[in-house]
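[1] Task: produce atomic coordinates for the following.
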Amino acid sequence: MTAGSTRSDVRQRYGALVDCIADLLGPSAEVVLHDVSRTDHSVVLIRNGLVTGRSVGAPLTDLGFYMLRESDRRIETLGVYYSQAGNGKRLKCNAANLRDSRGKVEAILCINIDVTDEASAEGQERSSPFTEHYETSIRRVIDTLVRHATEGRGRELSAEAKVEVVRALESRGVFLARGAIKQVAASLGIAPPTVYKYIQQVRHTRALSAR
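    Next up is the predicted model:
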């Protein structure tokens, strides 16, 4: 976000876009504007929030963190993908990074259309390259990602397994969230400096492989 910019600036800049899309697509389409300067309370505008059960003040989703992590690769939109909300609704989705004058992502616009009653939705959802979870607090976002990263690894994780968990979490951008290192450390039963060391190790390994 540019110097001196505020959350109200983001709402003013993109609010008409949110309303335009929501008015066109109707009540089955949730349109969400995330201000990424505060990922733990990123939702600053939302229309038809009953689709996923969220409201203003909800955090960035796990997929939103991934978009931020990959933003330097000039990801502008994810393209159409299918997901499922916690209330069981099947969703047809897309999301776009919105950049400031310097090219830095300042907001993310998301559209989630309820296609639960469409006969083809189930098969499309299974083939989607993305998964997304629509939580109402940043702690639940992180908990969900940790649960998926540790799934099938057993109750007692070796040091090597914990590094792999951190690798999986880092690849999804979870450590962009405020307090993520401390929360992940508590979940894995290790100290925050150890998580930080694992993150540095993972990033160093990735940088070497990219050469």
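[2] switch to C-alpha atoms for all contacts and neighbour counts from now on
    Noted.
[3] Q84 reaches N112, doesn't it?
    No - with contact defined as C-alpha atoms under 8 Å, Q84 does not reach N112; the gap is 9.8 Å.
[4] Looking at the two, which one has more neighbours?
    N112 (26 against 22; other C-alpha atoms under 10 Å).
[5] Give me the common contacts of Q84 and N112.
    L91 (C-alpha atoms under 8 Å, 6 or more residues apart in numbering).
[6] Torsion angles phi and psi at the closest residue to S71 other than its chain neighbours?
    Excluding the flanking residues, the one nearest S71 by C-alpha to C-alpha, 6 or more residues apart in numbering is V105, at 7.2 Å. Backbone torsions for V105, taken as degrees, to the nearest 10, come to phi -70, psi 130.
[7] residues in contact with V105?
    The contact partners of V105, by C-alpha under 8 Å, 6+ apart, come to M1, V36, L68, S71, N97, L98, R99.
[8] what comes into contact with the helix or strand hosting K197?
    Using DSSP states H and E, K197 sits in helix 192-209. For helix 192-209, the surrounding residues in contact (C-alpha under 8 Å, 6+ apart) are V163, V166, R167, E170, I181, K182, V184, A185, A186.
[9] Could you pull out the strands in the chain for me?
    29-35, 43-47, 81-84, 90-99, 105-114 (DSSP state E).
[10] which secondary element of the chain has the worst mean pLDDT?
    helix 121-126 (a mean of 53; mean pLDDT, DSSP states H and E).
[11] quick revisit: winner for burial among the strands of the chain?
    Comparing these by mean neighbour count (mean count of other C-alpha atoms under 10 Å), strand 29-35 ranks first with a mean of 27.
[12] and it, which strands flank it?
    Under the criterion DSSP bridges, strand 29-35 sits next to strand 43-47 (antiparallel), strand 105-114 (antiparallel) in its sheet.
[13] If anything else comes up later, I'll come back, but that's it for now.
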